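Trainee: Everything below, folded, please.
(chains A and B)
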There are 2 protein chains.
Amino acid sequence: MTPPQPIEPLLSLFILFVAAKLGEELFERLGQPALIGQIIAGFIVGPGLLRWVSPSPTISFMAEVGIIFLLFETGLKTQPEDVLEHGYISMAVGFFGVITPLAAGWAFAHAIGENAITARFVGTLLVATSIGITAKILSDFGAAQTAFGRVILGAAVLDDILGLLALSMLSSFSEAQSHWANLLLTVVFVSLFFIAVLFLRRTALPRIRGRLGRMRAAAPQWSFALVILLGFSAMSAYIGLAAIIGSFLAGMFVSESRELAEALSERAGAVSSFVVPFFLANIGLRLSPAVLTNAHALLLIAALTGIAAVTKLVACGLSALPLGRRSALLVGLGMIPRGEVGIVVADQSLRIAAIPASYYSIGIAMAALTSMLGPLLLRLVLRPQRPARPESGASAPAAYRDAKGQA
Amino acid sequence: MTPPQPIEPLLSLFILFVAAKLGEELFERLGQPALIGQIIAGFIVGPGLLRWVSPSPTISFMAEVGIIFLLFETGLKTQPEDVLEHGYISMAVGFFGVITPLAAGWAFAHAIGENAITARFVGTLLVATSIGITAKILSDFGAAQTAFGRVILGAAVLDDILGLLALSMLSSFSEAQSHWANLLLTVVFVSLFFIAVLFLRRTALPRIRGRLGRMRAAAPQWSFALVILLGFSAMSAYIGLAAIIGSFLAGMFVSESRELAEALSERAGAVSSFVVPFFLANIGLRLSPAVLTNAHALLLIAALTGIAAVTKLVACGLSALPLGRRSALLVGLGMIPRGEVGIVVADQSLRIAAIPASYYSIGIAMAALTSMLGPLLLRLVLRPQRPARPESGASAPAAYRDAKGQA
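Mentor: Modelled structure (predicted):
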């Protein structure tokens, strides 16, 4: 009997989803960050251990939708004013958090005898903090509304942009083409994009809202939010940025009032519960077992993970000192996780002949390990303090409970 | 500059989503069924007219997720008791609604001189009413809770199953393999599946609910519903049925109380608003312009659409006469739309050498046209009556408003 739909994808999605949810539950019970449980769950059911699920285009696609909605949800909860409140600190954290690991990664690869292009690649690999993982951590810790949370998010958005500029330079060196015009164009577009988000939402949006209210199609406000999400994401990808930067801006754009942001967050949360586990589990799924049993590769992973953690911790922590020593430490730790842009950079390496193939899996492993290391270290600092004195803004336990109070 | 994500898919998804929403809005304003506006919107931006968007694996995948959530949402709103209330009528409508178009399609193809396998294929093509389109129509008309609505849904589930059995026989004839054992196995599995849905939900589910309440992972009830959705859909595809039959059963399974069904429906609705437009627009997108300009093919499409409409109208209408003449007419009209199973059958034809290639597009066109014809005719019967006397159950305008009252 011919199955009317391909069996593999649905069964794989089911196994991966159940594993991710079990991992989340287990880590919540152990008092550990839930996202680590989901990454490890992906590794366990994947080629690394049980081999029940293999990386596939379907899973990658669900993971992409997952990160788009994760960033959209984060944007919904972020008012641009909040990001700008500590704008100079965010910019300093973002900027020094980019050049320090870039330089350190390049110097390290150079020192161990890699060629010039590989050295540039290793530096680029270490540049960008994961907005997705960071957003998930801040939401899990109930810290998205705190001063250090806002600095981290602002800096993470900035360093994703810088990271993608660094990637475009890596590609231009390797392809021996000049991309400086494109680069300039990108910077101009990004600036216009931000200006649109900041100003149009106060002027054009209220008028659009009135018209939406008179629409007869189902759920007009939510549909409008989805149109903006898809449009900003597509535009962002089109001008050479990661789509997720557009997703984040879309979330900020459509949430011009707190009430609206809450109503939209609830709907976005329903989608996120479905798609975000695939994003997290997919990271674990892509860890190659072959690389994990190779001593040289393991050493490289350990070294790069160490460099990735220390450079962000020092550069970002020092830049955030105006917030106070404890918040500066939290910013430094919160900036450690690498993720989507690191994975994009690793993917890119497969197309550049001069870079050894093993660096792909090494890059993915570094991203996964820093994504676990960041929240583990954060937990050490945050936990003892949480019940006693929550950070500014909404009290941490309340926000924590709120994020979980759905259904 | 290397774009970090493929541009095409996101831009296509954006254009298709905006077009579908505009089509929905326009048809709502014209007082016409919104789903037709979305199908036509897909045709307009697709290869048929503007060529802005082409059918792609990404869009097909989103369309598949769309129909899975559409059926899940429909299942959530359907209590098994409601379907069983008119169980014998549903079974009669389903059964006679299958054999009549099967015989008529076969006889027609035979009469115009097609070979034996093509004749069987044409019959199979006409068998299955689209649960997806039907569910959307019933929800758009606020008629999901009416007697005729329940009969239609029950019959549509049954004839999808019978349609897929017919397809498996078509394949077995063409592949010259005996699939009777598989067929028997399928029937046994489907029966067990139904029994599980009907009985476990009253016995095992309440105990599971208690445990879910003590879970620490986010949104446990919604996550559990998603696990059931993915699990049932995967199982359904595995035993050779369409995944969507499992999606529908999953919705019925997890909604053991009205309050729970409402809370879950709201979350499912947030996902549906995002994914269902892709399912509808994709139908229009797949209409081949080449076939639509070929006179012979157009004649065949017209003839098959006519046979498809008349056979369901007569066979299902007569079977539903115990409900009264007006409801019987509504059942007959509501059963006209062909959709997902018809498309699956058309897909299958590409793998059978004996069937002319043009039948693929002819099949898709027939499905699209009957999907538009059904609701257009229904509207003629339903509209004059709607404000004056709504069908039994929730009043139609209230249910209608409710479905649109989101966001």
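Trainee: Below-threshold pLDDT in chain A: ranges please.
Mentor: Filtered on pLDDT under 70, chain A yields the residue ranges A:1-8, A:168, A:171-183, A:186, A:240, A:383-407.
Trainee: Following element in sequence after the longest helix belonging to chain A, please.
Mentor: When every helix of chain A is counted residue by residue (DSSP state H), the longest turns out to be helix A:180-213. Per DSSP states H and E, the first helix or strand lying C-terminal to helix A:180-213 is helix A:220-238.
Trainee: do you know how far A:G284 is from chain B?
Mentor: To chain B, A:G284 is 17 Å away according to CB to the nearest CB, to the nearest Å. In short, each C-beta sits where N, CA and C put it, glycine included.
Trainee: If we ignore the residues flanking it in sequence, what's nearest that residue?
Mentor: Nearest non-adjacent residue to A:G284, counting by CB to CB, 6 or more residues apart in numbering or on different chains: A:G42, 3.0 Å away.
Trainee: Verify the stated contact: that neighbour with A:A368.
Mentor: No - at 9.1 Å, A:G42 does not count as touching A:A368 under the criterion of CB atoms under 8 Å.
Trainee: Overlap in contacts, those two.
Mentor: A:I283, A:G284 (CB atoms under 8 Å, 6 or more residues apart in numbering or on different chains).
Trainee: Enumerate the residues of the stretch 151-300 of chain A near chain B.
Mentor: Proximity of the stretch 151-300 of chain A to chain B, by CB under 8 Å from any CB of the partner chain, involves residues A:164, A:167-168, A:171-172, A:179, A:182-183, A:186, A:215-223, A:226-227, A:230-231, A:233-234, A:237-238, A:240-243, A:263-264, A:266-271, A:273-274.
Trainee: which residues does the residue nearest to A:G284 contact?
Mentor: With contact taken as CB under 8 Å, 6+ apart, A:G42 is in contact with A:L16, A:A19, A:A20, A:G23, A:V53, A:L280, A:A281, A:N282, A:I283, A:G284, A:L285.
Trainee: so it is in which element?
Mentor: Using DSSP H and E, A:G42 sits within helix A:34-45.
Trainee: now swap in A:L165 and tell me
Mentor: Per DSSP H and E, A:L165 falls inside helix A:147-175.
Trainee: Which other helices and strands does the longest helix of chain A contact?
Mentor: helix A:80-85, helix A:147-175, helix A:220-238, helix A:243-254 (3 or more CB pairs under 8 Å, 6 or more residues apart in numbering or on different chains; DSSP states H and E).
Trainee: highest average neighbour count across the ones you listed?
Mentor: For these, the largest average neighbour count (mean count of other CB atoms under 10 Å in any protein chain shown) is found in helix A:243-254, namely a mean of 28.
Trainee: just the angle between that one and helix A:220-238, please?
Mentor: Going by axes from the mean of the first three to the mean of the last three CA atoms, to 10 degrees, helix A:243-254 is angled at 140 degrees with respect to helix A:220-238.
Trainee: What about A:T129? Give its phi and psi, please.
Mentor: Phi and psi for A:T129, reported as degrees, to the nearest 10, are phi -70, psi 140.
Trainee: beta partners for it?
Mentor: Beta-bridge pairing for A:T129 (DSSP bridges): A:R338.
Trainee: Is the residue nearest the centre of chain A in a helix, a strand, or coil?
Mentor: Most central in chain A under CA atoms, centre = their mean is A:G132, positioned 2.4 Å from the mean C-alpha point. Per DSSP: H, G, I helix; E, B strand; the rest coil, the secondary structure class of A:G132 is helix.
Trainee: That one: what's its closest spatial neighbour, skipping adjacent residues?
Mentor: Leaving out its chain neighbours, the residue that sits closest to A:G132 by CB to CB, 6+ apart is A:I67, at 4.8 Å.
Trainee: cool, and A:S265?
Mentor: A:L76 is the one closest to A:S265 (CB to CB, 6+ apart), at 4.9 Å.
Trainee: swap in A:G334?
Mentor: A:I152 (4.3 Å).
Trainee: Can you tell me how far the one you found is from A:A268?
Mentor: In this structure, A:I152 and A:A268 are 20 Å apart, going by CB to CB, to the nearest Å.
Trainee: next one: A:F232
Mentor: From A:F232 to A:A268 the distance is 14 Å (CB to CB).
Trainee: again, but for A:G324
Mentor: Remark: distance between A:G324 and A:A268 (CB to CB) = 32 Å.
Trainee: Between the two, which is the more surrounded one?
Mentor: A:A268 (27 against 12; other CB atoms under 10 Å in any protein chain shown).
Trainee: Off-centre distance for the helix holding A:G42?
Mentor: 16 Å (CA atoms, centre = their mean, to the nearest Å).
Trainee: name the helices or strands packed onto the next helix or strand along the chain from that helix?
Mentor: Using DSSP H and E, the helix or strand that follows helix A:34-45 in sequence is helix A:57-76. With contacts taken as 3+ CB pairs under 8 Å, 6+ apart, helix A:57-76 sits against helix A:7-29, helix A:131-140, helix A:220-238, helix A:243-254, helix A:258-285, helix B:57-76.
Trainee: Can you lay out those as TSV showing distance to B:S90?
Mentor: TSV is the format used below for those (distance: least, CB to CB, whole Å):
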stretch	distance to B:S90
helix A:7-29	27
helix A:131-140	46
helix A:220-238	34
helix A:243-254	43
helix A:258-285	31
helix B:57-76	15
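Trainee: Looking at the ones you listed, which is nearest to A:K312?
Mentor: Closest to A:K312 of these is helix A:131-140 (CB to CB; 11.1 Å).
Trainee: Any buried residues in that closest one, and which?
Mentor: Residues of helix A:131-140 classed as buried: A:I131, A:G132, A:I133, A:T134, A:A135, A:K136, A:I137, A:L138, A:S139, A:D140 (neighbour count, 16 or more other CB atoms under 10 Å in any protein chain shown).
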